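1. Let me see the structure of the following:
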Amino acid sequence: MYQQIIQAKLTENINCTSLEIINESNLHAGHNGFSGEGESHFRIKISAPEFKQLSRIEIHRKINKILAKELATIHALAIEII
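-> Numbering: from 1, shown residues only. Model prediction:
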């Protein structure tokens with residue numbers, strides 16, 4: 001569910017030349033009793049022409065703003081600008 005929503009929102013709001021959304025929830029199994037199932041930890045690998053004019057912090061803020069609703073529910077989001 002979240003993976004598809006993240007994909008849709010980012011492609012709708014950013015002209016991505018590359019976008020990969022990886023569900024890393026299983027890597028956190030056992031942490032504070034977490035089973036590793038579901039959608040709680042994500043990694044985004046993203047590139048876009050507009051990023052060349054923005055700082056890393058500005059890019060992260062833009063992505064966080066786009067995904068604000070989802071970030072209120074998911075536990076972690078790693079952003080890799082490629």
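
2. which intervals of this protein have sub-threshold pLDDT?
-> Applying pLDDT under 70 to the chain picks out residues 26-39.

3. mind checking the SS state of the residue lying closest to Leu54 once chain neighbours are set aside?
-> Computed as Cβ to Cβ, 6 or more residues apart in numbering, the closest residue to Leu54 that is not its neighbour in sequence is Lys62, at 7.1 Å. C-beta coordinates here come from the backbone N, C-alpha and C atoms, glycine included. Going by DSSP: H, G, I helix; E, B strand; the rest coil, the secondary structure assigned to Lys62 is helix.

4. Provide the count of other residues in contact range of Lys62.
-> Using other Cβ atoms under 10 Å, Lys62 has 17 neighbouring residues.

5. Same check on Asn15?
-> The tally of other residues near Asn15 (other Cβ under 10 Å) stands at 8.

6. Roughly how far does it sit from Leu67?
-> Computed with Cβ to Cβ, to the nearest Å, the distance linking Asn15 and Leu67 is 17 Å.

7. now swap in Glu12 and tell me
-> Distance, Glu12 to Leu67, using Cβ to Cβ: 11 Å.

8. same check, this time on Ile79
-> The span separating Ile79 from Leu67 equals 10 Å under the rule Cβ to Cβ.

9. Between the two, which has more neighbouring residues?
-> For Ile79 against Leu67, the residue with the higher neighbour count under other Cβ under 10 Å is Leu67, and the figures read 21 against 15.

10. got a list of what that one touches?
-> By Cβ atoms under 8 Å, 6 or more residues apart in numbering, the contact list for Leu67 reads Ile6, Lys9, Leu10, Leu77.

11. who wins for neighbours among those residues?
-> Neighbours were tallied for each of the contacts of Leu67 (criterion: other Cβ under 10 Å), and the maximum of 23 neighbours falls on Ile6.

12. That residue falls within a helix, correct?
-> Yes: note on Ile6: a helix contains this position according to three-state DSSP.

13. Count the neighbours of the residue nearest to it when sequence neighbours are not counted for me.
-> Leaving out its chain neighbours, the residue that sits closest to Ile6 by Cβ to Cβ, 6+ apart is Ile21, at 5.2 Å. Residues near Ile21, counting by other Cβ under 10 Å, number 17.
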